[in-house]
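[1] starting from these lines, generate the structure:
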Amino acid sequence: MPERLTEFAYLAAWRGVRLLPESAAYGLSRRFADRAARKNGRGVQQLRRNLARVVGGEPDEDLVRRAMRSYARYWIEAFRLPSMDDAHLQRRFEMIGWDPVHARSEQGLGSVIALPHCGNWDLAGAWATRIAGDPVTTVAERLKPEGVYRRFLEYRESLGMHIIPTSGGDRNPQAALGEALNAGHVAALVADRDLGRSGTEVKFFGEATTFPSGPALLAIRNRVDLFTAAIHYEDDRAVCRISGPVDTGTGSLRERLASTTQRVADAFEEGIRAHPADWHMLQRFWTADFQPPPAT
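    Residues are numbered from 1 along each chain as shown. Now for the predicted structure:
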């Protein structure tokens, strides 16, 4: 029953938010975010701990409030994006540095883009497919309930992206992404949160954590360029900056995965340091947060 209620809530929001005038929808998101920041629930508490690593000390209330507003803004845009026409999309989104990725796509060459949970990467995917005309393939985490996962799948496909499930599909995701790269697609992968804690260890804001090694592995195995993206919000739009290609190094595969993933982490750190409020990380992230508390 709870899963059905969750699915109903998502679907109601998806439909209801689109019926509101844009100003009312964004105003609603800000009120919701401010209330969540004041309540200081578990997710907000973890957000505070994460931001403390970024800013080097206890984050002030203004930063926490802006971070929650940014997170709520992402959801409002997600609910409204399928009905956003191309002209509106171009007003709401600015892409910087896409030219080398587009040039490779026009030549039938694939590219990997690694990006953190910042801003709204669905806007970037929609821009790449609908405005730049480049094929984008990505993976989708299998959410529960299944109805919500299916809705997200349909949502991203409606934006023009090709979706590969992380589990439960008929093919291995790495193999499917490799085929897409060979067909000249852009493989866009959110790559800061290592869900299985089995990725590559990196230093991030001076502290140990693990990052998924998938983007580096895809680029190395398929001999394609690896880029990074940094996305942040401005008053009236989201801005995405593409950097790279990342040096994938030399040596053994293990050595190359380690050095390349660290370079990705360094690029993410630079973007998040510049716009900490737009990093949507309300979950445990650093290795120390997963350790049991010391015995007393």
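
[2] make it CA atoms for all contacts and neighbour counts henceforth
    Will do.

[3] which residue ranges of the protein form strands?
    93-96, 111-115, 136-140, 162-165, 186-190, 200-204, 207-211, 225-233, 238-243 (DSSP state E).

[4] what is the second one packed up against?
    Other elements packing on strand 111-115 under the criterion 3 or more CA pairs under 8 Å, 6 or more residues apart in numbering; DSSP states H and E are helix 99-106, strand 186-190, helix 214-222, strand 225-233.

[5] tell me the most buried of the strands of the chain?
    strand 111-115 (a mean of 26; mean count of other CA atoms under 10 Å).

[6] how far off centre is it?
    11 Å (CA atoms, centre = their mean, to the nearest Å).

[7] stretch 71-81 too?
    Put simply, stretch 71-81 sits 13 Å off its chain's centre (CA atoms, centre = their mean).

[8] go on, stretch 258-267?
    Mean C-alpha position of stretch 258-267 versus that of the full chain (CA atoms, centre = their mean) differs by 17 Å.

[9] now do stretch 78-89
    18 Å.

[10] then that stretch to CSV, C-alphas only?
    Extracted as CSV, the C-alpha positions of stretch 78-89 are listed here (Å, rounded to 0.1, in the frame of the first residue of the first chain):
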residue,chain,number,x,y,z
ALA,A,78,11.4,17.8,-13.8
PHE,A,79,7.7,17.9,-13.5
ARG,A,80,7.3,20.7,-16.1
LEU,A,81,10.1,19.8,-18.6
PRO,A,82,8.1,17.4,-20.7
SER,A,83,5.7,20.2,-21.7
MET,A,84,8.5,22.8,-22.2
ASP,A,85,8.8,23.7,-25.9
ASP,A,86,12.2,24.3,-27.6
ALA,A,87,12.1,28.1,-27.3
HIS,A,88,11.3,27.9,-23.6
LEU,A,89,14.1,25.3,-23.1
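
[11] let me see the mean pLDDT of that stretch.
    Per-residue pLDDT values over stretch 78-89 give a mean of 85.

[12] equivalent analysis for stretch 225-236, please.
    Average pLDDT, stretch 225-236: 95.

[13] ranges for the helices of this protein?
    Remark: helices assigned in the chain by DSSP state H are 2-19, 22-39, 42-55, 61-80, 86-92, 99-106, 121-126, 146-158, 173-182, 214-222, 253-274.

[14] ok, which of those comes nearest Asp194?
    helix 214-222 (10.2 Å; CA to CA).

[15] hmm, who's touching the closest one?
    If you take CA atoms under 8 Å, 6 or more residues apart in numbering as the criterion, helix 214-222 is touched by 111-114, 174, 177-178, 181-182, 189, 191, 224-226, 248, 257, 260-261.

[16] ok now that helix, how far from the chain's centre?
    With CA atoms, centre = their mean, you get 18 Å for helix 214-222.
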